[in-house]
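[1] Any chance you could fold what I've pasted below:
(2 chains)
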Amino acid sequence: MAVETNTVVTVEGNNIPVTNPEKLLWPEMNITKLLYLEKLAGLSPYLLTYCRNRYLTTIRYPHGIHGHSFYQKNCPEPIPPFVHTKLWNGVNYINLDNLSTLIWLGNLACLEFHPSFHYIGDELPVEWLIDIDPSVDNEPRIMQAALLVGELLDSMRIRSIPKTSGATGIQIYVPIRRGYTFQQLRKIGHFIGSYLSEKHPRLFTIERLKKKRGTLIYFDYLQHWSGKTLSAPYTPRARPSATVSTPLTWEEVELHPDPRDFTLLNIERRLKEKGDLIRQVPPQNLDNVLSVLS
Amino acid sequence: MHTIWKGAISFGLVHVPVKMFAATEEKDIHMKYIHRECATPLRYVRKCPTCDKEVEWEEISRGYEYEPGKLVLFEKDDLDQLAGEANKEIRILDFVDLKEIDPIYFKKTYYLSPGETGANAYSLLLESMRQTGKIGIANVSIRSKGSLAAIRVIENCIAMETIFYPDEIRAVDQVPNLPEKAEVNEKELTMAKMLIDHLTRPFEPEKYKDEYRESLLNAIEQKIAGKEVQVAPEQKKTNVIDLMAALQASLEAVGSEPAKADKPAGKAKSKTARKAKETVS
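    Sure thing, here's the model as predicted:
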């Protein structure tokens, strides 16, 4: 289906222009803009779940992943009628709550989606996320590190879902009951981070300054905070392999998979088989942990 | 000794490079302020009462209160600029007799050694000052502050005493209740003068000891030996490991939630025996 000229797609009754449909956004994987929009549509039920009603930050690559990129928080104008926005701290944030908006953003070469941790108008976090960030590219111990975190959480009676960040790290997603504050979660995060960096000093660090981390894997519990963001579950990433931030099972993590194996091209099949792994874990109760830590 | 400043003495066309060292060192025993309850040394914070928060150094400027509650503000950079360029110089203005300078003027003493070059100039200055017995009064600019100083000879070293500016010396006639022309009994005066003569010795400073410091050091030794030593609670460190163990134990006591399907199965080195629990599904 070689379309050379600009075209229009109709989504939910909305006509959305598609400019430069043949532009290669992920050249190594041969993914054009049009193909990207197709894949985005397939991802949308999952991606929208984690972006809906939040303040969105997106990263745009107008010339593909090897061209220059920039963060977009303020909604680009002109704003179509189906796009919902919310003003917060002087920024007119996009609320990515429907497929039309997603396609519209995709056409603008928004390749990555990073929503806030709290809902619009709310102050409490929706979920808890810990970022496990290697200091070296191709860190062979990253999966082992993730397993240690998962096991530790498990020993604290906290179930979690690991997901590839789509880049080099792993993120641990903990569904929580509503009511915990960022402060409380950060306290637990700090406790776990301190424990891990002491128990496994050659593997983990909680050192904030990058230059002091050496080759240790950074247990980042600080990124989870009001106003900050992490890559959403199921967001594509602007990496040569066209990776997608993919939730995994712990069994899969034990096999030390390569994050580059989870891409825009195979994510749909995986989702058909496994569904949303995050949804399969109920919200966790952290009361006992918090009371011991206080 | 550690060099605290490098510069040069100058007067007229004479230029003597020197290095400066502190000549004195206080030996006070320093104690820390401790919170009695937990024996932790106190930490001091700079806090703003209006904003009710701790203030970092970058957020601090300076103010001069010219009237109660009224301030004119300065930044450190403004003040540095006012001080002008530090030109690393001890500029001798005049020479005077040591006897003419009352000890009340002296602030702090520094030793000066010859700088990298100019050992000859140094020796020359030293000798000439020693033989004439004169003291140099100089302007010194160290860092960005200017000071008045006296340059003199101590044994075979040139020394510098920073001295107070005259308006920094309080006039002795301001002291209250000083007797004016008191009547003194002749006999008592004679006896007092004899007593002074009797106690007159050459000045031997080593004879005098800091008794308070000695008895304090003794008391400290006693406490250490008697093991009355208080250890400040170690912040975090080993506590984390213990706390985690305590947490895991308390959660077991509370009763674990039924084990579900997908859990990390302990293949990555774990001490807790989780395998047994996992079979409960």
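
[2] Any buried residues in the helix or strand harbouring residue B:212, and which?
    Under the criterion of DSSP states H and E, residue B:212 resides in helix B:211-225. Within helix B:211-225, no residue is scored as buried using 16 or more other CB atoms under 10 Å in any protein chain shown. For glycine as for every other residue, the C-beta is placed from the backbone atoms N, C-alpha and C.

[3] Name the next helix or strand downstream of that helix, please.
    Beyond helix B:211-225 toward the C-terminal end (DSSP H and E), the next one is helix B:238-254.

[4] How about that following helix and chain A, touching?
    Yes. With CB under 8 Å from any CB of the partner chain as the measure, helix B:238-254 is seen reaching chain A through B:240, B:241, B:243, B:244, B:246, B:247, B:248, B:250, B:251, B:254.

[5] residues near the third one, how many?
    It refers to residue B:243. Look at residue B:243: counted by other CB atoms under 10 Å in any protein chain shown, it has 16 neighbours.

[6] domains for the chain, by residue range?
    All of this refers to chain A. Domains of chain A are assigned by automatic domain parsing as A:7-119, A:127-293.

[7] That was the other one, I meant chain B.
    According to automatic domain parsing, the ranges for chain B are B:5-25+B:84-168, B:37-82.

[8] Chain A is nearest to which of those domains?
    Among the domains of chain B, domain B:37-82 comes nearest to chain A, with 15.8 Å by CB to the nearest CB.

[9] mean confidence for that closest one?
    Mean pLDDT, domain B:37-82: 87.

[10] Up against chain B, what does the stretch 101-250 of chain A have?
    Going by CB under 8 Å from any CB, the residues of the stretch 101-250 of chain A near chain B are A:144, A:147-148, A:150-152, A:154-157, A:159, A:191, A:194-195, A:198-199, A:249-250.

[11] Among these, which lie within strands?
    Among these, none falls in strands (DSSP state E).

[12] Among those residues, name the buried ones.
    A:144, A:147-148, A:150-152, A:154-157, A:159, A:191, A:194-195, A:198-199, A:249-250.

[13] Show me which positions of stretch A:169-177 end up buried.
    Buried positions in stretch A:169-177, judged by neighbour count with 16+ other CB under 10 Å: A:169, A:170, A:171, A:172, A:173, A:174, A:175, A:176.

[14] Averaged pLDDT, it. What do you get?
    In this model, stretch A:169-177 has a mean pLDDT of 96.

[15] Can you give the distance from it to the centre of its chain?
    The chain centre lies 10 Å from the centre of stretch A:169-177; the measure is CA atoms, centre = their mean, to the nearest Å.

[16] Stretch B:60-72 now?
    With CA atoms, centre = their mean, you get 26 Å for stretch B:60-72.

[17] what does stretch B:206-226 give?
    Worked out by CA atoms, centre = their mean, stretch B:206-226 lies 22 Å from the chain centre.

[18] Please apply the same query to stretch B:208-227.
    With CA atoms, centre = their mean, you get 23 Å for stretch B:208-227.

[19] C-alpha coordinates for that stretch, PDB please?
    Written as PDB, here are the backbone C-alpha positions of stretch B:208-227 (Å, rounded to 0.1, in the frame of the first residue of the first chain):
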ATOM      1  CA  TYR B 208      53.000  28.400  83.100                       C
ATOM      2  CA  LYS B 209      50.600  25.600  82.400                       C
ATOM      3  CA  ASP B 210      47.000  25.500  81.300                       C
ATOM      4  CA  GLU B 211      45.600  23.800  84.400                       C
ATOM      5  CA  TYR B 212      42.000  23.700  83.200                       C
ATOM      6  CA  ARG B 213      43.000  22.000  79.900                       C
ATOM      7  CA  GLU B 214      45.100  19.400  81.900                       C
ATOM      8  CA  SER B 215      42.300  18.600  84.300                       C
ATOM      9  CA  LEU B 216      39.800  18.300  81.400                       C
ATOM     10  CA  LEU B 217      42.100  16.000  79.500                       C
ATOM     11  CA  ASN B 218      42.300  13.900  82.600                       C
ATOM     12  CA  ALA B 219      38.600  13.700  83.000                       C
ATOM     13  CA  ILE B 220      38.300  12.700  79.400                       C
ATOM     14  CA  GLU B 221      40.800   9.900  79.900                       C
ATOM     15  CA  GLN B 222      38.900   8.700  82.900                       C
ATOM     16  CA  LYS B 223      35.700   8.500  81.100                       C
ATOM     17  CA  ILE B 224      37.200   6.600  78.200                       C
ATOM     18  CA  ALA B 225      38.900   4.100  80.500                       C
ATOM     19  CA  GLY B 226      35.800   3.800  82.700                       C
ATOM     20  CA  LYS B 227      34.000   3.000  79.500                       C
END
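
[20] Now the residue nearest to residue A:262 when sequence neighbours are not counted: phi and psi?
    Take residue A:262 and drop its neighbours on the chain: the residue closest to it by CB to CB, 6 or more residues apart in numbering or on different chains is residue A:246, 3.9 Å away. Note on residue A:246: its backbone torsions stand at phi -120, psi 120 [degrees, to the nearest 10].

[21] Can you name the residues that contact residue A:246?
    Going by CB atoms under 8 Å, 6 or more residues apart in numbering or on different chains, residue A:246 touches A:163, A:164, A:166, A:233, A:234, A:259, A:262, A:267, A:270.

[22] Quick check on residue A:40: phi, psi?
    The phi/psi pair for residue A:40 (degrees, to the nearest 10) is phi -60, psi -40.

[23] again but with residue A:283, I slipped
    phi -60, psi 140.

[24] What distance do you get for it to residue B:79?
    Distance from residue A:283 to residue B:79, counting by CB to CB, to the nearest Å: 58 Å.

[25] Export the domains of chain B as CSV, with columns for mean neighbour count and distance to chain A.
    Output for the domains of chain B, formatted as CSV (neighbours: other CB atoms under 10 Å in any protein chain shown; distance: least, CB to the nearest CB, whole Å):
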stretch, mean neighbour count, distance to chain A
domain B:5-25+B:84-168, 15, 30
domain B:37-82, 9, 16
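
[26] could I get the ones you listed as TSV with distance to residue A:44?
    Shown next, in TSV, are these (distance: least, CB to CB, whole Å):
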stretch	distance to residue A:44
domain B:5-25+B:84-168	64
domain B:37-82	44
